[in-house]
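**Student:** structural data only, the sequence is not supplied:
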């Protein structure tokens, strides 16, 4: 473990360094408070620091306050070292953000015991953070495919739609469904079905950019969000994704299975500011049309005004799915 | 034990305690004494100047540095004398300042030769 020592006195610094090095710690030393804050702000900085109270530029309590104000760093265990030992001083030190307090001149055994306490607390903190991150992951990801789960991908869609409205850019919504998946499950069993779902998830993820989103929308249905997607490229990009699925069979324990997917696509720019649920409903209609058209194809949910198809007074506009491609197997 | 008969009490430095503090690491001990020999004359000079000018902030700062170093070196009586100077500096207490400096200098008068003799003994 790496420990930072901040002490302006060479004598005290050397004694601390040697005592801790002998105990097996890696030691980094600085001579003033400002350098201590800089060191603790670096990536991979020491997690435990021994800070002298009286130092030039910034004293120990000021260093504690500055470190506690920092965001985006793992927790740092801070020990103040000083000959100040009145209750008032101890309270001041601890309230500045220090975790512990050691009186100078220190006893080597007491120093090491307090450092070990710090290590224990940091390990506990790490395990809590790890548990929290694991819970966060489980709450936001699909267990089988590791894709974003339905709740999260819909939430992201709402946010992306607001953002694209605000910035005047276009977002493409893709709803896609594995063709004849029930047949896969019925013929080869659910274990093979799960293998197919996992492989398809990987291919979907590898077919989009790092800032696009892919989520599991339902059983064998997936929602893909292509951010900042040029309207002219939405359909070709969807075609590319479809081809990435269809052109290569999925290898399972039961053998190579030819798998295809049908896609409904919607470009939000054509539809104006509408809620995500409404746009998803229209995208789903396009997907349904892709299925009805023989599967393994892409259909665009096309917005048209009432006057475009006459006679339907009272409806300002209605969707229709435009036939774009058809690749029957 | 009568203090006058205790050889440790005649010494400024409590060497057994100092050895314990450095966990019997004689190399480190020599290293620390080396640092002290380098730092001490500068700090002592700075303290003398600060007292002469009645620069109380400087008396506080230098007194603090000397106190830390002396206590670490198990030179308790001189450490206390430095602590008194630090306190006087912090409280801007000018009366008795020169006497406090004299008391400090009395405590550290034989310190360097004592440390030198000990280092020579340790190195043998």
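**Tutor:** Sure thing, it's come through. Since the structure is predicted, the reported quantities are computational estimates derived from the model, not experimental observations. Numbering: from 1, shown residues only, chains lettered A, B, ... in the order given.

**Student:** can you give me the strands for chain B?
**Tutor:** Assigned strands in chain B: none (criterion: DSSP state E).

**Student:** just the stretch 201-329 of chain A next, same as before
**Tutor:** For the stretch 201-329 of chain A, the strands defined by DSSP state E, counting those that start in this stretch occupy A:213-216, A:221-226, A:250-252, A:255-257, A:261-267, A:298-305, A:317-323.

**Student:** and the ones you listed, which is most packed in?
**Tutor:** strand A:261-267 (a mean of 27; mean count of other Cβ atoms under 10 Å in any protein chain shown). C-beta coordinates here come from the backbone N, C-alpha and C atoms, glycine included.

**Student:** check which helices and strands it sits against.
**Tutor:** In terms of contacts (3 or more Cβ pairs under 8 Å, 6 or more residues apart in numbering or on different chains; DSSP states H and E), strand A:261-267 is packed against strand A:172-178, helix A:231-246, helix A:276-292, strand A:298-305.

**Student:** below-threshold pLDDT in the chain: ranges please.
**Tutor:** Let's take chain A. A:84-85, A:304-329 (pLDDT under 70).

**Student:** my question was about chain B, not that one.
**Tutor:** B:1-11.

**Student:** apply 80 and report the result again.
**Tutor:** Low-confidence segments of chain B, defined by pLDDT under 80: B:1-11, B:122-124.

**Student:** spell out which parts of it neighbour chain A.
**Tutor:** By the rule Cβ under 8 Å from any Cβ of the partner chain, the part of chain B lying against chain A is B:21-23, B:25, B:28, B:31-32, B:35-36, B:38-39, B:64-65, B:67-69, B:71-74, B:83.

**Student:** how does it look with 6 Å?
**Tutor:** Within chain B, the residues that sit near chain A (Cβ under 6 Å from any Cβ of the partner chain) are B:23, B:28, B:35, B:64-65, B:68-69, B:71-72.

**Student:** circling back to that earlier point, dump the helices and strands packed on strand A:261-267 to TSV, plus distance to residue A:264.
**Tutor:** Putting the helices and strands packed on strand A:261-267 into TSV (distance: least, Cβ to Cβ, whole Å) gives the following:
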stretch	distance to residue A:264
strand A:172-178	5
helix A:231-246	9
helix A:276-292	3
strand A:298-305	6
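
**Student:** most tightly packed of these?
**Tutor:** Taking mean count of other Cβ under 10 Å, strand A:172-178 is the most buried of the helices and strands packed on strand A:261-267, at a mean of 25.

**Student:** so what strands line up beside that strand?
**Tutor:** When pairs are called by DSSP bridges, strand A:172-178 turns out to pair with strand A:221-226 (antiparallel), strand A:261-267 (antiparallel).

**Student:** and the longest one, how far out from the chain middle?
**Tutor:** Mean C-alpha position of strand A:261-267 versus that of the full chain (Cα atoms, centre = their mean, to the nearest Å) differs by 25 Å.

**Student:** do stretch B:100-117 as well
**Tutor:** Distance, centroid of stretch B:100-117 to centroid of chain: 7 Å (Cα atoms, centre = their mean).

**Student:** host element of the closest residue to residue A:108 other than its chain neighbours?
**Tutor:** Leaving aside its sequence neighbours, residue A:108 sits nearest to residue A:19 (Cβ to Cβ, 6 or more residues apart in numbering or on different chains; 5.0 Å). If you go by DSSP states H and E, residue A:19 is part of helix A:10-22.

**Student:** coming back round to it: and the residues of chain B next to chain A, which are buried?
**Tutor:** Among these, those buried by neighbour count (16 or more other Cβ atoms under 10 Å in any protein chain shown) are B:28, B:35, B:64-65, B:68-69, B:71-72.

**Student:** which of those fall within helices?
**Tutor:** B:28, B:35, B:64-65, B:68-69, B:71-72 (DSSP state H).

**Student:** re the thing from before, widest-spaced pair of the buried ones among the residues of chain B next to chain A?
**Tutor:** Spatial extent of those (Cβ to Cβ) is set by the pair B:28 and B:64 at 23.4 Å.

**Student:** any chance you could map the helices in the stretch 1-150 of chain A?
**Tutor:** With helices called from DSSP state H, counting those that start in this stretch, the stretch 1-150 of chain A shows them at A:10-22, A:33-41, A:60-69, A:87-95, A:108-140, A:150-167.
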